[in-house]
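Participant: What follows is a protein structure lacking sequence information:
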């Protein structure tokens, strides 16, 4: 039996793992899908949301577990799980980056974009709200970016639950050390048809931050909907 802690990406919440959680539970595992502050059932004013809020919330969940966990981060969730690993390296068995941002120390999500010359599809789809403190994604861009191979019912479900994303998280830089974060084994799951984090970007991050294992899924950005098995 393993404990999985699932961290969502930008705009999402624990709801995105609705199909995956029961599959892991049926296999005998403990599964905790996290609602980060300001997402899902964990409301918080957008101006008060910081990366520290995110990390502290995940640390509290990990601290409540008796054994080390497999910590999974999707998309922007890779920033959160990276900093969490620096804070709780002894409580994490594996870090799993599910087509996720995998920063080097001192980098933010936006710094990664600049380093790897990211195709700016997501940036072009963002609309600033609440005076620039948050952003949303243009409605017409949601499916092609996030859910290209997903059922229409899953896309509709997601659209009902997506929330504005605090922009502070995009600019927050992680502080990672080789003898702490660097000692936690990393696995990267690349998604071959991803339009939000293109494959070349995923592979550049892995080249710059080698992982113990790299696995591939022939899916878009959201395999928890299109290929949960």
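Facilitator: That came in fine, so what should we check first? From a predicted model like this one, the values you see are computed outputs, not experimental measurements. Residues are numbered from 1 along each chain as shown.

Participant: Which other helices and strands does the worst-scoring helix or strand of the chain on mean pLDDT contact?
Facilitator: Least confident helix or strand, the chain: helix 121-125 with a mean of 89, by mean pLDDT, DSSP states H and E. Counting contacts by 3 or more CB pairs under 8 Å, 6 or more residues apart in numbering; DSSP states H and E, helix 121-125 packs against helix 139-146. Quick note: C-beta positions are derived from backbone N, CA and C, even for glycine.

Participant: For the longest helix along the chain, what does the pLDDT average out to?
Facilitator: Ordering each helix of the chain by length in residues (DSSP state H) puts helix 51-63 first. Here helix 51-63 scores 98 as its mean pLDDT.

Participant: partners of the helix or strand following that helix, with directions?
Facilitator: Using DSSP states H and E, the helix or strand that follows helix 51-63 in sequence is strand 69-74. Looking at strand 69-74 with DSSP bridges, its partner strands are strand 3-7 (parallel), strand 92-98 (parallel).

Participant: how far is strand 69-74 from where the chain is centred?
Facilitator: Centroid displacement of strand 69-74 relative to its chain, using CA atoms, centre = their mean, to the nearest Å, is 9 Å.

Participant: okay, the angle between the helix or strand just after it and strand 69-74?
Facilitator: As assigned by DSSP H and E, the chain's next helix or strand after strand 69-74 is helix 77-87. On the basis of axes from the mean of the first three to the mean of the last three CA atoms, to 10 degrees, helix 77-87 is oriented at 150 degrees to strand 69-74.

Participant: contact partners of helix 77-87?
Facilitator: 7-9, 36, 51, 54-55, 58-59, 62, 71-73, 92, 95, 97-98, 100-103, 108-109, 169, 172, 174-177, 180-181, 184 (CB atoms under 8 Å, 6 or more residues apart in numbering).

Participant: what ranges do the strands span in the protein?
Facilitator: 3-7, 30-33, 69-74, 92-98, 126-129, 134-137, 165-166, 186-191, 213-217 (DSSP state E).

Participant: what packs against the second one?
Facilitator: Where contact means 3+ CB pairs under 8 Å, 6+ apart, strand 30-33 is packed against strand 3-7, helix 20-26.

Participant: contacting residues around residue 192?
Facilitator: 199, 216-219.

Participant: Export those as a markdown table, with columns for pLDDT, distance to residue 42 and neighbour count.
Facilitator: Formatted as a markdown table, the contacts of residue 192 follow (pLDDT from 0 to 100; distance: CB to CB, whole Å; neighbours: other CB atoms under 10 Å):
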| residue | pLDDT | distance to residue 42 | neighbour count |
| --- | --- | --- | --- |
| 199 | 96 | 32 | 15 |
| 216 | 98 | 32 | 12 |
| 217 | 98 | 28 | 16 |
| 218 | 98 | 33 | 11 |
| 219 | 98 | 27 | 21 |
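
Participant: ok, so of the residues you listed, who is nearest residue 131?
Facilitator: residue 199 (34.8 Å; CB to CB).

Participant: Quick check: that closest one touching residue 190?
Facilitator: Yes: look at residue 199 against residue 190 with CB atoms under 8 Å: they come within range, at 6.4 Å.

Participant: Quick check, pLDDT for the residue sitting furthest away from the middle of the chain.
Facilitator: The C-alpha centroid of the chain is most remote from residue 131, which lies 24.6 Å away (CA atoms, centre = their mean). According to the prediction, residue 131 has pLDDT 95.

Participant: Next, work out how far apart it and residue 46 are.
Facilitator: 9 Å (CB to CB, to the nearest Å).

Participant: And for residue 182?
Facilitator: On the measure of CB to CB, residue 182 and residue 46 end up 33 Å apart.
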